[in-house]
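**Q** Coordinates for the following, if possible.
(2 chains)
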Amino acid sequence: MKTTRHSFLRVVMLLCAFMTTAMPAMAGQLNLSAAASLKESINEMTDKYTAKHPGTTFVKNFGASGALAGQIENGAPADLFISASTEWMDYLKNKKLVDASSEKNFAYNLLVFAGATSKKVTGMNDLAGLDKIAIGSPKSVPAGDYAMQALKKAGLDQKLTGKLVMGKDVRECLMYAELGEVDGSFVYRTDALQAKKAKILFTVPDELYSRVTYPMALTSTGARNSEAKAFIEWLQSGEARSILKKYGFVLK
Amino acid sequence: MNLTPSDIAAVALSMKIAITATLISLPFGFAVAGLIVFGQFRGKVLLEVLVNLPLTLPPVVIGYFLLLLLGKHGWAGSALRAAGIEIIFTWKAAVIASATVGFPLLVRSIRLGMDSIDRQLLQASRSLGAPWYDTLATIVLPLSFRGMLAGSSLMFARSLGEFGATIIVAGNIPGLTQTIPLAIYDYASSPTGTTMALSLCLVSVVLSVAILFVHEGIGKKLEDGRSQ
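**A** Okay, here's the model as predicted:
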């Protein structure tokens, strides 16, 4: 019937118009890609910043630093990138996707083993007696990479095959520990401080892994954005650093 | 194409889980399909809806429900733990996840097969005095074979590709529960793992194509056998 064909065509045209309408980029909107462990601190910082600079709003993307680097490489919008390891910042620097001159060290952290288990765990050597241990996937999660470094240096990586549950980021590892589905997880000290049921069982000895460093930098798009530059400046201010300190990050 | 030992372990694990899930689901699938096709009882629609539910629910939701059911603090979890049975984060959880998501596909295929059984054969059997279990074993079962085979292949293929429910309830444990999709996910999450991911994807495609060929081949053989 003619009328049904007309209405059908109309629906199709509406759909096409709907799908091709681009979302206008809001002036003063900054895209942030930050490591999962920075969630609460960055949220507090952006809230504080927007309260002082109402023209700047944030779209935040938290996840494993490796996954975030991959997203940026594939064209995901980002003005600022904060990684939980130098590995992924270097990766983007090599691809010329971040402005190397804007790179600064944002914070540092410590690796701990946290869990809600009643088993006795006081050090690395007690790990072999556990059933399941959550660790971030070393291929994309810095926390998992640091943990794997520590396990290898302590000579434990072979003994633990079949016991390591891979998490997609450090917060998923924390969740496993909180739920009690694993005996414990390798997380950052700052994550363990957020935990309700899981507690820090031991701190991983420093000499077993490279220092947890959070480099931050503007991406090549961010480097052309004056608001992004202003924000990265603010992130180095006393105000921002006091927020980091509050959450347990190491500042020097 | 190069596969690491953990990749080969992932392939072997995928096959083991898919085969186990399909085998343990077959008797249940046959029973449920039989109930739906031949049974007449109140609440049959509810059974049909329940059976088809995993087909429409996101696999992650199914995984989460399974976790609620079987987890440490789950409804059945504490009883299982008292009996010393660990399910979550073992390959058994992966089997249960695959079986749950694949079950509707199995039942659908068996139902189709059963629907085409000539009812007069069943009536003849009954009029000759055969009890229902005799009819079931000697008439319904052989004639449902084609449906069971089709359902098994579909379910096997679906199990090979099961990801959402598996990762929630079995976790991503290399060597223990890391199946092909989980291994690919691991590689794909890392910008440096794309070539390894592609290798595994290729393996996945080859396996799926092989299953489909086997499915068509055996189906044809049954067809030829019957028409003689």
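**Q** For the stretch 151-252 of chain A, which residues are neighbours of chain B?
**A** Counting by CB under 8 Å from any CB of the partner chain, the stretch 151-252 of chain A comes close to chain B at A:161-168, A:176, A:179-182. (Glycine included, C-beta is placed from N, CA and C.)
**Q** how does it look with 10 Å?
**A** Residues of the stretch 151-252 of chain A lying close to chain B (CB under 10 Å from any CB of the partner chain) are A:161-169, A:172, A:176, A:179-182.
**Q** Buried among the residues you listed? Make that a PyMOL selection.
**A** Remark: buried members of those, expressed as a PyMOL selection using 16 or more other CB atoms under 10 Å in any protein chain shown:
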select buried, chain A and resi 163+164+165+166+167+168+169+172+176+179+180+181+182
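**Q** Can you flag which of the residues of the stretch 151-252 of chain A next to chain B belong to helices?
**A** Using DSSP state H, the subset of these located in helices is A:172, A:176, A:179.
**Q** Which ones among the residues of the stretch 151-252 of chain A next to chain B map onto strands?
**A** The strands, defined by DSSP state E, take in A:164-167 from those.
**Q** Next, the buried residues of the helix or strand bottoming out on mean pLDDT in chain B.
**A** Using mean pLDDT, DSSP states H and E, helix B:77-82 stands out as the lowest-scoring helix or strand of chain B, at a mean of 78. Of all the residues in helix B:77-82, those buried under the rule 16+ other CB under 10 Å are B:77, B:80-81.
**Q** After it, which helix or strand is next? Please name it.
**A** Sequence-wise, the next helix or strand downstream of helix B:77-82 (DSSP states H and E) is helix B:91-115.
**Q** chain center to that following helix, what's the gap?
**A** Distance of helix B:91-115 from the chain centroid (CA atoms, centre = their mean, to the nearest Å) equals 4 Å.
**Q** State the mean pLDDT of that helix.
**A** Helix B:91-115 shows a mean pLDDT of 94 in the predicted model.
**Q** Report all helices and strands that that helix contacts.
**A** Contact analysis of helix B:91-115 by 3 or more CB pairs under 10 Å, 6 or more residues apart in numbering or on different chains; DSSP states H and E lists helix B:5-38, helix B:44-56, helix B:59-70, helix B:145-160, helix B:164-169 as its packing neighbours.
**Q** list the buried ones in stretch B:167-178?
**A** Buried-residue list, stretch B:167-178, by 16+ other CB under 10 Å: B:167-174, B:176-178.
**Q** Which members of those residues additionally contact chain A?
**A** B:167, B:169-174, B:176-178.
**Q** out of those, which are inside helices?
**A** Short answer: these in helices (DSSP H) are B:167, B:169.
**Q** Among the ones next to chain A among the buried residues of stretch B:167-178, which pair sits farthest apart?
**A** Farthest-apart pair in these is B:169 and B:174; separation 16.9 Å (CB to CB).
**Q** Okay, and the beta partners of the spatially most central residue of chain A?
**A** For chain A, the residue sitting closest to the mean C-alpha position, by CA atoms, centre = their mean, is residue A:35 at 1.6 Å. As for beta bridges, residue A:35 partners with residue A:63 under DSSP bridges.
**Q** Please determine how far it is located from chain B.
**A** Residue A:35 sits 14 Å away from chain B, taking CB to the nearest CB, to the nearest Å as the criterion.
**Q** So that residue sits against residue A:214, correct?
**A** Yes. At 6.6 Å, residue A:35 and residue A:214 qualify as touching, with contact defined as CB atoms under 10 Å.
**Q** where do the contact lists of these two overlap?
**A** A:65, A:82-85, A:106-107, A:109, A:142 (CB atoms under 10 Å, 6 or more residues apart in numbering or on different chains).
**Q** contacting residues around the least confident helix or strand of chain B?
**A** Against helix B:77-82 from outside (CB under 10 Å, 6+ apart): B:67-74, B:85-88.
**Q** what about that helix, distance to the chain center?
**A** Helix B:77-82 sits 25 Å away from the centroid of its parent chain (CA atoms, centre = their mean).
**Q** now do stretch B:138-149
**A** Here stretch B:138-149 shows a centroid-to-chain-centroid distance of 18 Å under the convention CA atoms, centre = their mean.
**Q** so what's the backbone phi/psi at residue 144?
**A** Answering for chain A, as no chain was given. phi -70, psi -40 (degrees, to the nearest 10).
**Q** Actually, chain B is the one I wanted.
**A** Residue torsions, per degrees, to the nearest 10, at residue B:144 are phi -90, psi 0.
**Q** How about it: what's its closest non-neighbour residue?
**A** Nearest residue to residue B:144 in three dimensions, chain neighbours excluded: residue B:113, at 4.7 Å (CB to CB, 6 or more residues apart in numbering or on different chains).
**Q** what's the answer for residue B:103, then?
**A** The nearest residue in space to residue B:103 (CB to CB, 6+ apart) is residue B:25, at 5.7 Å.
**Q** I'd guessed that neighbour sits against residue B:107; true?
**A** Yes. Counting by CB under 10 Å, residue B:107 is a contact partner of residue B:25 at 9.0 Å.
**Q** overlap in contacts of these two?
**A** Shared contacts of residue B:25 and residue B:107, counting by CB under 10 Å, 6+ apart, come down to B:32, B:151, B:155.
**Q** Do you know the pLDDT at the first one?
**A** Turning to residue B:32, the model gives it a pLDDT of 94.
**Q** and what of the second one?
**A** In this model, residue B:151 is scored at 91, pLDDT.
**Q** Quick check, it in contact with residue B:29.
**A** Yes. Between residue B:151 and residue B:29 there is a contact at 6.4 Å, judged by CB under 10 Å.
**Q** any shared contact partners between those two?
**A** With contacts defined as CB under 10 Å, 6+ apart, the residues shared by residue B:151 and residue B:29 are B:22, B:102-111.
**Q** Just the closest of the residues you listed to residue A:205, please.
**A** For the shared contacts of residue B:151 and residue B:29, the nearest to residue A:205 is residue B:102 (46.5 Å; CB to CB).
**Q** neighbours around that closest one, how many?
**A** Neighbourhood size, residue B:102 [other CB atoms under 10 Å in any protein chain shown]: 28.
**Q** Just give the closest residue to it, not the sequence neighbours.
**A** residue B:155 (3.8 Å).
**Q** what's the neighbour count on the one you found?
**A** When counting by other CB under 10 Å, one arrives at 26 neighbours for residue B:155.
**Q** List the contacts of it.
**A** Residue B:155 is in contact with B:18, B:21-22, B:25-26, B:29, B:98-99, B:101-107, B:109, counting by CB under 10 Å, 6+ apart.
**Q** In those residues, find the pair that's most separated.
**A** So, those by CB to CB: farthest apart are B:18 and B:107, at 17.4 Å.
**Q** and residue A:49, that's in a helix?
**A** Yes. Per DSSP: H, G, I helix; E, B strand; the rest coil, residue A:49 lies within a helix segment.
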